[in-house]
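**Q** when you get a sec, could you give me coordinates for this:
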Amino acid sequence: MSIIRLEALVLAALAAGASALPAVAQVPVSQAPATGSQYSFYMLRGHDTIIVERVARGPRALVGEFKDPTGSLIRYTVQLDDSALIAHAMLSATPRGASPQVYDFAFVQDTLLITQPARDAATGTPPVRIHAVHGTLLQENPSVAFVEQMLMRARLIGGTATTQVPLLFTLGAAQVTATVAWIGADSATATINGTQMRLAVRNDGSIMGGTIPSQGIVIVRGPGGAPLVSGPAPDYSAPPGAPYTAENVVVHTPQGLRLAGTLTLPAGASASHRVPGVVTITGSGPEDRNSESPALHGWKPFAQIADTLSRRGMAVLRLDDRGVGGSDAAPDSPTGIASDMSAAVAYLRSRPEIDPRRIALLGHSEGGLVAPMVASTDSGIKAVVLMAAPGEPVLALLKFQQAFAIDSMAHLTGDARAAAFAQAKSATDSLVAYSAGFAELVNRDPAPLLRMLRQPVLILQGEKDYQVPRSQAEKVAALIRANGNRDVTVRYFAGLNHLFVPGLDKGYDYNALPSLAVPAVVLGTVADWLAARLR
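**A** Residues are numbered from 1 along each chain as shown. Sure thing, here's the model as predicted:
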């Protein structure tokens with residue numbers, strides 16, 4: 001799993017010294033406990049059913065399955081102990097059209113061991129080891145059944161008093177502390193990473209329904225056996241009256257992957273009236289073509305950028321990441337993504353409506369690392385836009401992020417601070433040994449590639465970015481200019497964070513942001529600069 005544009009929970013993991021690792025299980029609900037109950041949870045937004053989760057619960061076991069908003073089938077089988085903690089879990093995720101990825105989570109005292117059984121047995125790869133405070137409960141987002149287990153744990157250890165429960169999320173191994181407050185005999189609130197759930201409960205903590213006000217979600221409990229559903233299919237069509245069309249396309253890579261995407265074409269584009277084209281490159285983690293991720297719904301910067309540029313006469317090709325949406329699954333690494341983006345450029349050049357001499361790249365975060373990998377070896381790329389791009393190896397940025405979280409967010413001092421840094425280093429080293437793609441990401445030095453760029457480059461940087469700080473924009477610009485490239489423009493945006501939206505001083509709590517819309521000043525800066533370079 002990549003690390004540059006980490007969403008709220010993944011960043012929290014790094015702050016606590018945990019490693020990022022996808023977690024998921026190939027266990028059918030038919031293997032439910034012989035005794036217990038079977039039921040379903042429905043997550044609704046407006047008139048849409050976002051998720052249906054089928055659950056089977058027994059005294060010592062929890063089994064379930066659901067489809068997440070990307071269409072991946074998530075299955076889990078959980079072994080519970082006497083204190084309502086999860087002692088062992090097998091989880092799998094099966095992206096649409098791909099094979100399942102299976103992971104094993106086991107607590108040994110205060111250490112969580114994470115393995116990928118099929119691969120590790122063949123390669124001899126050791127488990128990833130993550131230290132967790134005593135009494136930590138494993139969580140799988142967005143499972144309601146795991147939240148229910150948290151309430152059961154809180155009731156057991158705290159009774160009716162407000163209780164804090166340490167959690168460790170499978171996604172990114174993020175460690176956070178949840179707060180459960182009981183309201184009378186049949187209600188409770190659960191606050192996780194700043195997001196509050198208001199829940200109707202039974203005496204033992206069983207969830208009967210509830211809401212997530214900040215996300216407009218209603219939770220309904222129903223009978224077992226409900227058919228699984230995905231959320232509504234994303235709408236990538238052009239808005240009514242737009243002066244461009246939006247076409248769903250498939251890009252084929254040299255490795256045989258099929259990458260699904262959307263090409264927006266300005267009205268009038270044709271073989272006799274060719275237009276410039278732009279390829280967008282997402283940041284880290286699983287993201288769709290809009291750069292939206294399961295960890296942060298509603299942030300769709302590439303949809304806004306495509307709309308803005310296509311209204312200005314530029315075509316935009318944006319793609320779902322590997323294993324997301326309609327794209328085939330494959331190992332994730334900067335080299336692999338760069339190959340995908342080269343295939344995207346080749347696709348644009350094959351379209352009769354696109355001028356092959358006027359193609360630009362736009363990358364955000366890890367995409368800002370990948371874009372120079374493509375442009376430095378393709379002199380036909382006309383221009384490059386880098387948004388929050390790294391100017392030094394990602395490992396240095398990880399250390400910056402960890403220090404910011406430990407010092408400025410957690411305010412740790414003395415032995416606790418030293419232990420947190422040691423824990424962070426151990427977890428990072430473990431994941432580097434575990435994942436070749438992660439190892440390539442954190443160790444790749446962007447400097448040689450930046451020095452090779454001869455194209456005009458626009459560098460954008462939010463001044464409230466606590467993941468890729470302002471100093472990185474200065475490094476990137478200096479490296480590109482080092483070999484004589486003088487068409488380098490740097491723009492800083494006061495008050496904007498790593499997502500290029502108004503930021504908060506608390507750091508990485510992106511779910512608490514008042515708005516996830518990229519301001520017009522950023523969109524206009526990109527459009528004006530590209531229009532001038534792609535004439």
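**Q** could you point out the longest helix of this protein?
**A** helix 414-434 (DSSP state H).
**Q** can I get that helix as PDB, trimmed to CA atoms?
**A** Written as PDB, here are the backbone C-alpha positions of helix 414-434 (Å, rounded to 0.1, in the frame of the first residue of the first chain):
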ATOM      1  CA  GLY A 414      10.000  11.900  27.500                       C
ATOM      2  CA  ASP A 415       9.900   8.100  27.400                       C
ATOM      3  CA  ALA A 416       6.500   8.000  25.700                       C
ATOM      4  CA  ARG A 417       7.800  10.100  22.800                       C
ATOM      5  CA  ALA A 418      11.000   8.000  22.500                       C
ATOM      6  CA  ALA A 419       8.800   4.800  22.500                       C
ATOM      7  CA  ALA A 420       6.500   6.200  19.800                       C
ATOM      8  CA  PHE A 421       9.400   7.000  17.500                       C
ATOM      9  CA  ALA A 422      10.900   3.500  18.100                       C
ATOM     10  CA  GLN A 423       7.600   1.900  17.400                       C
ATOM     11  CA  ALA A 424       7.200   4.000  14.200                       C
ATOM     12  CA  LYS A 425      10.600   2.900  12.900                       C
ATOM     13  CA  SER A 426      10.000  -0.700  13.700                       C
ATOM     14  CA  ALA A 427       6.600  -0.800  12.000                       C
ATOM     15  CA  THR A 428       8.000   1.000   8.900                       C
ATOM     16  CA  ASP A 429      11.000  -1.400   8.700                       C
ATOM     17  CA  SER A 430       8.700  -4.300   9.000                       C
ATOM     18  CA  LEU A 431       6.500  -3.200   6.200                       C
ATOM     19  CA  VAL A 432       9.500  -2.400   3.900                       C
ATOM     20  CA  ALA A 433      10.600  -6.000   4.400                       C
ATOM     21  CA  TYR A 434       7.000  -7.200   3.800                       C
END
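**Q** can you give me the helices for the stretch 351-500 of the chain?
**A** 366-375, 394-403, 414-434, 436-443, 447-452, 470-481 (DSSP state H, counting those that start in this stretch).
**Q** ugh, typo on my part, it should be the stretch 101-250 of the chain
**A** With DSSP H, counting those that start in this stretch as the criterion, the stretch 101-250 of the chain has helices spanning 117-123, 144-158.
**Q** need the winner for burial among those helices.
**A** helix 144-158 (a mean of 22; mean count of other CB atoms under 10 Å). Backbone N, C-alpha and C define where each C-beta goes, glycine included.
**Q** tell me the domain ranges of this structure?
**A** The chain is divided into the following domains under automatic domain parsing: 8-223, 244-392+445-533.
**Q** avg pLDDT for the longest one?
**A** By that I understand domain 244-392+445-533. For domain 244-392+445-533, the per-residue pLDDT values average out at 94.
**Q** end to end, how far does it reach?
**A** 21 Å (CA to CA, to the nearest Å).
**Q** same check, this time on stretch 62-78
**A** 5 Å.
**Q** centre of the chain to that stretch, how far?
**A** Chain-centre distance of stretch 62-78: 17 Å, with CA atoms, centre = their mean, to the nearest Å.
**Q** pLDDT on that stretch, on average?
**A** Computed over stretch 62-78, the average pLDDT equals 86.
**Q** now do stretch 413-425
**A** Rounded mean pLDDT across stretch 413-425 is 82.
**Q** give me the nearest residue to the one residue sitting closest to the centre of the chain, chain neighbours excluded.
**A** Residue closest to the mean C-alpha point of the chain, counted by CA atoms, centre = their mean, is residue 285 at 4.0 Å. Nearest non-adjacent residue to residue 285, counting by CB to CB, 6 or more residues apart in numbering: residue 293, 5.5 Å away.
**Q** what number of residues lie near the one you found?
**A** When neighbours are counted by other CB atoms under 10 Å, residue 293 registers 23.
**Q** what does residue 189 give?
**A** Counted by other CB under 10 Å, the residues lying close to residue 189 total 15.
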